[in-house]
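[1] For reference, the sequence and a predicted model appear below.
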Amino acid sequence: MPSTLERVRTAVTTSPELRRLAERGRTILQGPSDDQLRQERDESHWQPATTSASSQWWQVFLSALSGLIGATVIAASAPQWRLAVPTWRLTFPGIAHPGTSTQSTLWFFVGLVALASGWLGLVHCAGRITDPRRGVIVIGAVIALWAIPVSLGPPLLSNDVYSYVAQGEMASRGIDPSSVGPVELGRNDFTSGADPVWRSAPAPYGPVAVIAARSAVELAGHDQVAAINFYRMIVWIGVVMAAIGIGMIAVGNGLSAAVAIAIGIGNPIMIVHVLGGVHNDALMFGFLALGLAAAQRDRKKLAVVLITAATAVKLPAAVGLLYLGWCWRGAVATWKERVFSTVAVFTAAVLMIVVGCVAVGLGPGWITALKSTGKVNDTYSPTTKIGFSIAEVLNSIGLHVDGQLLASGVRALGLLATAAIAFVMLMRSPRSGVIKATGVMLVAYILLGPVIWPWYLVTGFALLAACGLGRYRPSYLVVCVAASFFVWPTSVVSMGSFGNNYQHLRGLGVVLAVIALAWGAQRFAGRWERRYHGMSESERESAVSTSQSGEETRAR
């Protein structure tokens, strides 16, 4: 007697409607098959005059509309930071302002589902635009459309921008924000708006970030609300820089710029958390993407300047300098040459950063201040959740242990694993390339680090998308959508506040569920590809590699 799974499989393979639905789901996750792409490349450019082209335009419209509705609902329903100065906000019929915690949570979920659906549809459409220039214009216009609602009103899902402008106010008064916190400003809107957790904490941001914040404050005439709006413009500039860089990198790798921008820039994390939350990660991302694009085009000196600027926003961008210096002399350089070029690159970068620090009046405290970010324990960091979960289990059976101490130990193991990955990528970077090595390292640093906020992930994810996701595209899409749910609007903390009983153990369950979903999407896409297109993408790559090896053997 056939099992339930076999009956479902038979129904899908025999029903044209179910097969088309399953094919659509596979295409969204895995991308168009080789046969589909070959057929589309043989056809004319995407013109709305033909029936198929009209259908594609309709799909773009529906995706754009879904994302716009989702972004609008999120922006209109999100509560304002309770310590901030009340400001004008976007409203929407039927959504209370302000709503209850339950209402805000429900509307946020509905809006994010709509935005994520629109994004998946946009990625699906981007892969079918045969005119590269038109594809970039269409995708860029849709992303800009989605970004408008989240930019109208107070910042979303984060209080960080209040600290940014407070640090800018400090710099404008000649106070070093890397040595003291915003509390030094006394009682004013800048101090009261900053999160109490960070009011006494030095800024972990470099001279470029401080210059940007000071410029926003001075342009706003030292008005906090106006300063936030000016800083939002700076974040927009950073996102545009990032989009240009990601598109250039994708083209340099022989890939579609439209697809890379749709995946790396149009995702819900970028729209809701980076643009909506007004994070300076956008500025770091923009400089880093342009710098890596310059390195790809052999403009290495310009690359050093741009990546140094990214490092002078947030220190993790320095991994780009490491791999750039190591690969400076090409794939056949000796170890001595690689070490020398790496030291030279870092020396030049340090000198530029020192000059920037002196110009803005910033001390070296911003480097050591990074350790203060690790005191947050309620994000979905796997290392943090594992440590505290073990402590919760042991405490439940009467073995009393210090959860913080145990979590610190697991975090240390995560940092060791990160260092090992950094070394492996360093050895592989002459073959894999500077951009891919940097992307892998940034993702590893965040996933194995002590704290994971969604906006931390965008830079590494986008760089990998510009290098080509290949068979890992399904898991990428799942993780990206899931991570966008990791912060809720009811409080600017991680979603994982499940109550006091086994909070971290339940949070670890969420992490494992995301991993399972990513694995399931990967398996589904691979099996569908093998069933209806002969073999999966990874098997095709293996077959091509075997064929090439055989030809080389026969030639010898």
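    Received, thanks.
[2] give the contact list for the nearest residue to Cys467 once chain neighbours are set aside.
    If the residues on either side of it in the chain are set aside, Cys467 comes closest to Lys436, at 4.6 Å by CB to CB, 6 or more residues apart in numbering. Backbone N, C-alpha and C define where each C-beta goes, glycine included. Each residue near Lys436 by CB atoms under 8 Å, 6 or more residues apart in numbering is listed here: 429, 463-464, 467.
[3] any chance of those in TSV, with secondary structure, neighbour count and pLDDT too?
    Listed next are the contacts of Lys436 as TSV, based on DSSP: H, G, I helix; E, B strand; the rest coil; neighbours: other CB atoms under 10 Å; pLDDT from 0 to 100:
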residue	secondary structure	neighbour count	pLDDT
Ser429	helix	23	90
Leu463	helix	29	95
Leu464	helix	23	93
Cys467	helix	22	91
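[4] Quick test: name the residue nearest the centre of the protein.
    When the chain is reduced to its mean C-alpha position, the nearest residue by CA atoms, centre = their mean turns out to be Val458, at 1.2 Å.
[5] can you tell me how far it sits from Ala369?
    Between Val458 and Ala369 the computed distance is 22 Å (CB to CB, to the nearest Å).
[6] what's the answer for Ser54, then?
    Separation of Ser54 from Ala369 (CB to CB): 55 Å.
[7] quick one: which of these two has more around it?
    Neighbours per residue, other CB atoms under 10 Å: of Ser54 and Ala369, the larger number sits with Ala369, 19 against 12.
[8] how much space is there between the more buried one and Arg133?
    Applying CB to CB, one obtains 44 Å for the distance of Ala369 from Arg133.
[9] ditto for Asn377
    Separation of Asn377 from Arg133 (CB to CB): 48 Å.
[10] So between those two, which is more surrounded?
    It is Asn377, of Asn377 and Arg133, that has more neighbours when counted by other CB under 10 Å, with 20 against 11.
[11] Now do the same contact list for the closest residue to Pro268 other than its chain neighbours.
    Closest residue to Pro268 apart from its sequence neighbours, by CB to CB, 6+ apart: Ser484 at 3.9 Å. Taking CB under 8 Å, 6+ apart, we find Ser484 in contact with 112, 116, 267-269, 272-273, 454.
[12] quick one: which of those residues is nearest to Asp160?
    Within those, distances to Asp160 taken as CB to CB reach their minimum at His273, with 10.4 Å.
[13] In this structure Glu192 contacts Arg82, no?
    You called it Glu, but residue 192 is Ser. No: using CB atoms under 8 Å, Ser192 makes no contact with Arg82, being 10.4 Å away.
[14] More neighbours: the two, which one.
    When neighbours are counted by other CB under 10 Å, Ser192 and Arg82 differ, and Ser192 comes out ahead with 17 against 8.
[15] and whichever strand or helix holds that one, C-alpha only, in CSV?
    Assessed by DSSP states H and E, Ser192 sits inside helix 189-193. Only the C-alpha atoms of helix 189-193 are listed here, as CSV (Å, rounded to 0.1, in the frame of the first residue of the first chain):
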residue,chain,number,x,y,z
ASP,A,189,16.7,65.4,23.9
PHE,A,190,19.9,63.8,22.7
THR,A,191,20.7,62.1,26.0
SER,A,192,17.1,61.1,26.8
GLY,A,193,16.6,59.6,23.4
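[16] Tell me who's in contact with the residue nearest to Ala64 when sequence neighbours are not counted.
    The shortest distance from Ala64 to any non-neighbouring residue, by CB to CB, 6+ apart, is to Val142 (4.6 Å). By CB under 8 Å, 6+ apart, the residues touching Val142 are 60, 63-64, 67, 122, 266.
[17] what stretches of the chain score poorly on pLDDT?
    1-53, 88, 98-99, 373-375, 490-501, 526-556 (pLDDT under 70).
[18] Three-state assignment for Gly449, please.
    In the three-state summary, Gly449 is assigned as coil, counting by DSSP: H, G, I helix; E, B strand; the rest coil.
[19] Just to check, it is in contact with Ala417?
    No: here Gly449 does not reach Ala417: they are 10.3 Å apart, not a contact under CB under 8 Å.
[20] So for the two, which residue has more residues nearby?
    Neighbour count, other CB under 10 Å: between Gly449 and Ala417, Gly449 has more, with 21 against 14.
[21] List the contacts of the more buried one.
    Contacts were defined as CB under 8 Å, 6+ apart; by that measure Gly449 touches 381, 383, 411, 414-415, 418.
[22] One more pass at 7 Å, please.
    With contacts defined as CB atoms under 7 Å, 6 or more residues apart in numbering, Gly449 is in contact with 381, 414.
[23] Over to the one 5 residues further on?
    If you count contacts by CB under 7 Å, 6+ apart, Pro454 has them with 269, 273, 483-484, 486-487.
[24] repeat that for 10 Å
    With CB atoms under 10 Å, 6 or more residues apart in numbering as the criterion, the residues that contact Pro454 are 157-158, 267-270, 272-274, 277, 279, 379-380, 480, 482-487, 494.
[25] Now it: phi and psi?
    Dihedral pair for Pro454: phi -50, psi -40, per degrees, to the nearest 10.
[26] close enough to count as contact, Val401 and Ser408?
    No: with contacts counted by CB atoms under 10 Å, Val401 stays clear of Ser408, the gap being 12.0 Å.
[27] correct me, but Leu302 touches Leu292?
    No: using CB under 10 Å as the test, Leu302 is too far from Leu292 to be in contact (11.1 Å).
[28] re earlier: what separates the residue nearest to Pro268 from Gly111, distance-wise?
    Computed as CB to CB, the Ser484 to Gly111 distance reads 11 Å.
[29] again with Gly330
    In this view, Gly330 and Gly111 are 49 Å apart by CB to CB.
[30] for Ser432, same thing?
    As for Ser432, its distance to Gly111 is 38 Å (criterion: CB to CB).
[31] neighbour-wise, which of these two wins?
    Each of Ser432 and Gly111 has its neighbours counted (other CB under 10 Å); Gly111 has more, 28 against 16.
[32] What are the buried residues along the helix or strand harbouring the more buried one?
    Secondary structure here is read from DSSP H and E; on that basis Gly111 sits in helix 101-126. Of the residues in helix 101-126, those buried under the neighbour-count criterion (16 or more other CB atoms under 10 Å) are 104-105, 107-109, 111-126.
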